[in-house]
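> When you get a sec, could you give me coordinates for this:
(chains A and B)
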Amino acid sequence: MAFTLYSLIQTAILCINAVAVLHEERFLSKFGWGVDQGVGGFGDDPGVKAQILTLIRSVRTVMRVPLIIVNAACIVLLLLFG
Amino acid sequence: MDYTATQSGFRQQPDMRLRNSSVDGTDGSQLFEDTSAAASGSQTGYSNQQAGLQAAGFPSLSDPMSNLAMAYGSSLASQGREMVDKNLDRFIPISKLKYYFAVDTVYVGKKLGLLVFPYMHENWEVSYQQDTPVAPRFDVNAPDLYIPAMGFITYILVAGLALGTQNKFSPELLGVQASSALVWLIMEVLAVLLSLYLVTVNTDLTTIDLLAFSGYKYVGMIVGVVAGLLFGKPAYYLSLLWCCAAIFVFMIRTLRLKLLSEAAAEGRLVRGARNQLRMYLTMSIAAAQPIFMYWLTYHLIR
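Next up, the predicted model:
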């Protein structure tokens, strides 16, 4: 299987885009994965579900602006160079 | 004779200046500091070599302008080196990396033996020295980056050799193999980091430690491929099976101490969902190693 570093970068961009697109109200709350529904326990055991929800929220918050820049650059480069 | 006399007479001046600046330069720079015991011997060797080169190369040493230019050039070079060191240290933590390369031959020999035959080793704990882990030179259980780095490069060369015996070799193929193995390594380290975050394990495993543990499987892969090249397909399967079992046991015994709680690591059964999850995590990290070992080598032995 010939993977290159370029395909790794492509995979990373696509995956982060996929995580950033999950909308809070329209989608995640319907599954019981909203912001207020996950973080219950304040012990020393947050649990896997709470960690996943925290991860999704933090990716959305942190990567919003860099994703805009990276996606715009990708679109321009793909239009110019195919 | 006159010519050599005048040349040796003028040789003294620029030598002294250059020797001073070169010694200062190697003292200040962190990248090329020698961690073995023969540090002073290597430094004087370096400055002698530079002085010899100096005397052989330059035509006119009598010109004060060229002396000035040489002094200015050497000071500019040392300034540039300082700037590069300072900026490089911001991106790649050089001092932390130096810990992982502080190895010697005895350690490498013992560690390679441990990777292939971990069944007799009893004490798997990393010894500490006032809160910092001891350098790999003094403790056979400490992770290092020398064996994984050398193993990776050797794996690429052995893969090129194996592909050559199948008449499929071309120089681009080496680059393809290298980037492919690197991508799998990065993905494995990222997957392990993600699963460690999800299970909220309080551990002192750093990313570089995980990189080191993931790189230990290259030793087994190289043994398998070389056995397959020398003795044929059954030897490849047998040695790969042996090395897979060895790496599995090695990873479980090493990770058990770092990931599980103290009681569970000693072998007592501890109930609780969290410990069970951690046990599953350890088992899956250890089980991923043989899978990768087979995946990255089966196309080399046909």
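> Quick check: residue B:138 is in a helix.
No. Checked against DSSP: H, G, I helix; E, B strand; the rest coil, residue B:138 lies outside a helix; its state is coil.
> The residue nearest to it when sequence neighbours are not counted and chain A, how far apart?
Setting aside the residues directly before and after it, residue B:138 is nearest to residue B:127 in space (Cβ to Cβ, 6 or more residues apart in numbering or on different chains), at 7.7 Å. (C-beta placed from N, C-alpha, C; glycine too.) Distance of residue B:127 to chain A, computed by Cβ to the nearest Cβ, to the nearest Å: 28 Å.
> OK, contacts around residue B:127?
Applying Cβ atoms under 8 Å, 6 or more residues apart in numbering or on different chains, we find residue B:127 in contact with B:133, B:134, B:138, B:139, B:141.
> Can you name the residues bridging to residue B:129?
Bridge pairing for residue B:129 (DSSP bridges) gives the partners residue B:132.
> How many residues are close by it?
10 (other Cβ atoms under 10 Å in any protein chain shown).
> same question, the one 5 residues further on
Using other Cβ under 10 Å as the criterion, residue B:134 is surrounded by 16 other residues.
> Please apply the same query to the one 10 residues further on.
Residue B:144 has 23 neighbouring residues, counting by other Cβ under 10 Å.
> Then residue B:242?
Residue B:242 has 16 nearby residues by other Cβ under 10 Å.
> That one sits in which helix or strand?
helix B:233-259 (DSSP states H and E).
> Determine the set of other helices and strands touching that helix.
The helices and strands touching helix B:233-259, judged by 3 or more Cβ pairs under 8 Å, 6 or more residues apart in numbering or on different chains; DSSP states H and E, are helix B:105-116, helix B:207-215, helix B:217-231, helix B:262-265, helix B:273-297.
> Those helices: lowest mean pLDDT?
By mean pLDDT, the lowest-scoring of these turns out to be helix B:262-265, with a mean of 60.
> Reformat the helices and strands packed on helix B:233-259 as JSON lines; add mean neighbour count.
Shown next, in JSON lines, are those (neighbours: other Cβ atoms under 10 Å in any protein chain shown):
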{"stretch": "helix B:105-116", "mean neighbour count": "15"}
{"stretch": "helix B:207-215", "mean neighbour count": "20"}
{"stretch": "helix B:217-231", "mean neighbour count": "21"}
{"stretch": "helix B:262-265", "mean neighbour count": "14"}
{"stretch": "helix B:273-297", "mean neighbour count": "17"}
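> who wins for proximity to residue B:158 among these?
Across those, residue B:158 has its closest neighbour in helix B:217-231 (5.2 Å, Cβ to Cβ).
> ok, the residue nearest to residue B:138 to residue B:232 distance?
43 Å (Cβ to Cβ, to the nearest Å).
> can you list the weak-confidence ranges in the stretch 1-150 of chain B?
Across the stretch 1-150 of chain B, the ranges flagged by pLDDT under 70 are B:1-62, B:89-91.
> can you rerun that using 90?
Applying pLDDT under 90 to the stretch 1-150 of chain B picks out residues B:1-104, B:116-144.
> how about the residues of the stretch 201-302 of chain B that lie near chain A?
B:274, B:277 (Cβ under 8 Å from any Cβ of the partner chain).
> again, only using 7 Å
Residues of the stretch 201-302 of chain B lying near chain A by Cβ under 7 Å from any Cβ of the partner chain: residue B:274.
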